[in-house]
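**Student:** need a structure here:
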Amino acid sequence: MPAFGLGFLVFLVVQAFISSFVYSEAKESGSRSPLVAGVSVFLLGVGLAFVFSTVVGVVVVEFVGIFIYRIGVHAANGRSAST
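**Tutor:** Predicted coordinates for the structure are as follows:
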């Protein structure tokens with residue numbers, strides 16, 4: 001279980017930024033419920049930090065997921081622009 005200290009507060013702030021990114025991307029793509037997506041990512045990240053007892057691992061996995069998503073969006077925009 002992660003400790004409740006300054007590091008955990010920093011983790012919550014990072015989770016809030018990640019959730020806001022997910023919310024904005026879901027809203028931009030026309031999702032029916034971007035708020036649910038953002039809140040779900042926040043709660044899932046905090047829950048996984050408790051389950052796996054690691055904050056760094058959860059954040060790294062989320063950043064890798066965002067990186068892969070951005071590469072996919074960039075590749076999709078490149079294909080549609082050239083067609």
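**Student:** could you give the mean pLDDT of stretch 5-21?
**Tutor:** Confidence for stretch 5-21, expressed as mean pLDDT, is 90.
**Student:** Tell me the spacing between the spatially most central residue of the chain and Gly78.
**Tutor:** Among the residues of the chain, the one closest to the centroid is Ile18, at 4.1 Å (Cα atoms, centre = their mean). Going from Ile18 to Gly78 by Cβ to Cβ, to the nearest Å gives 25 Å. Any C-beta I mention is one placed from the backbone N, CA and C, and that applies to glycine too.
**Student:** Ser31 too?
**Tutor:** To Gly78, Ser31 is 23 Å away according to Cβ to Cβ.
**Student:** same thing with Gly30?
**Tutor:** Separation of Gly30 from Gly78 (Cβ to Cβ) stands at 20 Å.
**Student:** Hmm, Val14 is touching Val59, no?
**Tutor:** Yes: at 5.8 Å, Val14 and Val59 qualify as touching, with contact defined as Cβ atoms under 8 Å.
**Student:** Run through the chain and note the low-pLDDT ranges.
**Tutor:** 1-3, 80-83 (pLDDT under 70).
**Student:** So which residues of it form helices?
**Tutor:** Assigned by DSSP state H, the chain shows helices spanning 6-28, 34-52, 55-82.
**Student:** quick one, which of Ser31 and Gly78 is more surrounded?
**Tutor:** Between Ser31 and Gly78, Ser31 has the larger neighbour count (other Cβ atoms under 10 Å), namely 14 against 10.
**Student:** Let me see the contact set for that one.
**Tutor:** Listed by Cβ atoms under 8 Å, 6 or more residues apart in numbering, the contact partners of Ser31 are Ala37.
**Student:** Thanks a lot, catch you later.
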